[in-house]
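Colleague: from the sequence below, what's the structure:
(one chain, ligands or ions: 1)
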Amino acid sequence: MKPNRSFLLVCLGNICRSPLAEAALRDAAAQAGVDIAVDSAGTGAWHVGNPPDPRSQAVALAHGIDIAGYRARQVEAADYRRFTDILALDRDNLAELRRRAPKDSTARIGLLMDAVPGRGGQAVADPYYGDAAGFAVTWADVSAAAEAIVAELR
Ligand code: 4NP
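Modeller: Numbers count the residues shown, from 1 in each chain. Next comes the predicted model:
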């Protein structure tokens, strides 16, 4: 059966934050037996075709999830009809997603952290220029959002 909700998680490069959000949401849905489709993409094109940042791979693996096979891609016009929900990891990417939305877009476009009670409007901070500790924060943020989304769907 085709899942009736499908989520595209979007950051800038699709190598740090959104692959972790994809992994966390996939995993939370699988654990709960909730049937959804999940993918991730970037608004930027610099890293298209690349695997996730090694620091993202490491934090995912530390939580039992192998994301080495993920490959970065850029958001495309068809995504706005293919996904029921397109969720940005921060406000810049949310604005960019809205700016690029085609006229026939059917997706709900929002901010990932709006799913988490008390954290509406917040960004998942970009860990790219920081150290491993930043990636642990990213994982905590996207896991909280994944759990909240799945709790709402089940
Ligand atoms: P992401 O992190 O948006 O979480 O994947 C970044 C990755 C690469 C760059 C910026 C942010 N970059 O400027 O190349």
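Colleague: check which helix or strand Glu147 maps to.
Modeller: Here Glu147 sits within helix 132-153, counting by DSSP states H and E.
Colleague: who does that helix touch, helix- and strand-wise?
Modeller: When contacts are defined as 3 or more Cβ pairs under 8 Å, 6 or more residues apart in numbering; DSSP states H and E, helix 132-153 packs onto helix 17-32, helix 54-62. The C-beta positions use only the backbone N, C-alpha and C, and glycine is treated the same way.
Colleague: just checking, next helix/strand downstream of the shortest one?
Modeller: Moving toward the C-terminus from helix 54-62, the next helix or strand (DSSP H and E) is helix 79-82.
Colleague: show residues contacting that following helix.
Modeller: Ser6, Leu8, Ala41, Ile86, Ala101, Pro102, Asp104, Ser105, Thr106, Ala107 (Cβ atoms under 8 Å, 6 or more residues apart in numbering).
Colleague: for ChimeraX, what selects the buried ones among these?
Modeller: The following ChimeraX line selects those of these that are buried, judged by 16 or more other Cβ atoms under 10 Å:
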select :6,8,41,86,101,105,107
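Colleague: closest to the ligand among the contacts of helix 79-82?
Modeller: Ala41 (10.2 Å; Cβ to the nearest ligand atom).
Colleague: report the beta-bridge partners for the closest one.
Modeller: Legend: beta-bridge partners of Ala41 under DSSP bridges are Val10.
Colleague: so it touches Pro19, yeah?
Modeller: No - counting by Cβ atoms under 8 Å, Ala41 sits too far from Pro19 to count as a contact (10.0 Å).
Colleague: residue numbers of the chain in contact with the ligand?
Modeller: Within the chain, the positions adjacent to the ligand are Cys11, Leu12, Gly13, Asn14, Ile15, Cys16, Arg17, Trp46, Asp126, Tyr128 by Cβ under 6 Å from any ligand atom.
Colleague: thinking the first one is in contact with Leu89, fair?
Modeller: Yes - here Cys11 lies in contact with Leu89, judged by Cβ under 8 Å, at a distance of 4.2 Å.
Colleague: count the neighbours of Asp66 for me.
Modeller: 10 (other Cβ atoms under 10 Å).
Colleague: if anything else comes up later, I'll come back, but that's it for now.
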